[in-house]
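# can't give you the sequence, but here's the structure:
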């Protein structure tokens, strides 16, 4: 019913009502909705204002034609209920009269349906209530799965935070909850954090906006960064906990990427060392597992992204000059904290287990970024040999150049070439 209603509403808006310009900022970006009730009321007004009566800009015949165009695209059972096929066979005057009556009736039905639908704010409050009070894991996970979909929208993520949802999600990361509850809580948290950071950057461009979501999150009791890092360093390595770890890395990346405040917090609170330790502990597991491979690659990729961030435009002062102080701290940590050693160990693990899958492309990108920071040429040479070994085991069909395996083979071969002394590290601006 929800899909059908959305389809019908969209069809009405597109085909009947002339489009109105979207409210924009001076930068031509859509204005953010800070209150769900305002958004809900605007949607209801759109239904109420749909062209039930003749419009000066649209002839009566065009108006009826557009109504018919919308109605004939409804599901067959809906069209049968309104006897649409019989109505369309009638003489034009009578047909148009019945189409108009049918349209008005549908408008009334839509308004009634929408009035009775749960509003976004009510939905979020209901989910927060479940997360706060429910004890049954199955019901909590069901609520988290629904929440994941809602938090994919930036304004919903912001309002979930405003309504107090952040503290409820973080409380579910506690080890007193099952791995599956913690996994879905971490995933929802990651989606929320990613969109809150996006909301923060976006909202700061609006006139008079005074928002600092990152500061709010970092100062919230124990920092969420600390909680997520502690998950990565727990002692369990069964499959359910590995899934939790993967979601925790996703949540960490959501708040760290392109966020100088969060990255400074990570560095100041020994986060780079904890990420390194999480990688090394996973690689020491005696039983190879596809999720261990994926997990360590995700961590290495995250750290390489932070290194890459230093060269981006967000790491500049208000005068547009590079923030050399921060760059020095971050780069020095990568150089001195053994990340090249970890990179070697990850490639050794993959070379020995032949477990890599689609994550291999991420590892290749991270390797090229990291290798620029490696001090010892012998480390780079060893990495090149390991990449070459993995490349030789990628099965390809030379006649199927669109195949993903072929794509991996080409990129891996190029990485081996770029890691050779003749090419590396002289070509500073070469990308893989």
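Here it is on my side, so go on. Computed from a prediction, not measured in an experiment: that's the story for all the values here.

# Quickly find the element holding residue 241.
helix 239-256 (DSSP states H and E).

# Can you give me the buried ones in that helix?
241-256 (16 or more other C-beta atoms under 10 Å). (C-beta placed from N, C-alpha, C; glycine too.)

# From the rest of the structure, what touches it?
With contact meaning C-beta atoms under 8 Å, 6 or more residues apart in numbering, helix 239-256 is reached by 179-180, 182-184, 186-187, 189-194, 197, 214, 217, 224-225, 228-229, 231-232, 234, 262-263, 266, 278, 289, 291-292, 294-295, 298-299, 302, 305-306.

# elements contacting the helix or strand following that helix?
Toward the C-terminus, helix 239-256 is succeeded by helix 260-268 as the next helix or strand (DSSP H and E). For helix 260-268, the elements it packs on are helix 213-218, helix 224-232, helix 239-256, helix 290-309, helix 324-336, judged by 3 or more C-beta pairs under 8 Å, 6 or more residues apart in numbering; DSSP states H and E.

# any idea of the mean pLDDT in stretch 396-413?
Mean pLDDT, stretch 396-413: 74.

# circling back: and the buried residues of helix 239-256, which is closest to residue 115?
residue 254 (35.9 Å; C-beta to C-beta).

# quick one: low-confidence ranges for the stretch 251-400 of the chain?
Judged by pLDDT under 70, the stretch 251-400 of the chain has its weakly predicted residues at 311-337, 356-357, 397-400.

# switch to 80 and redo it
Within the stretch 251-400 of the chain, the segments meeting pLDDT under 80 span 259-261, 286-288, 308-338, 354-358, 370-376, 393-400.

# which one of the buried residues of helix 239-256 is nearest residue 70?
Looking across the buried residues of helix 239-256 and measuring by C-beta to C-beta, the closest to residue 70 is residue 254, at 39.8 Å.

# Let me see the residues that make contact with the strand or helix carrying residue 344.
According to DSSP H and E, residue 344 maps onto helix 339-353. By C-beta under 8 Å, 6+ apart, the surrounding residues in contact with helix 339-353 are 276, 279-280, 283, 288, 292-293, 296-297, 300, 303, 356, 360, 363, 366-367, 370-371, 373-376, 379, 382-383, 386-387, 389-390.

# going on from that helix, what's the next piece of helix or strand?
Beyond helix 339-353 toward the C-terminal end (DSSP H and E), the next one is helix 360-371.

# got the angle between the next helix or strand after that next one and helix 339-353?
Downstream of helix 360-371, the first helix or strand assigned by DSSP H and E is helix 377-392. Angle of helix 377-392 versus helix 339-353, following axes from the mean of the first three to the mean of the last three C-alpha atoms, to 10 degrees, is 30 degrees.

# packing partners for helix 377-392?
Packed next to helix 377-392, using 3+ C-beta pairs under 8 Å, 6+ apart, are helix 339-353, helix 360-371, helix 404-418.

# please redo it, this time with the cut-off set to 6 Å
Counting contacts by 3 or more C-beta pairs under 6 Å, 6 or more residues apart in numbering; DSSP states H and E, helix 377-392 is packed against helix 339-353, helix 404-418.

# need the contact list for residue 188.
Residue 188 makes contacts with 144, 147-148, 151, 169, as judged by C-beta atoms under 6 Å, 6 or more residues apart in numbering.
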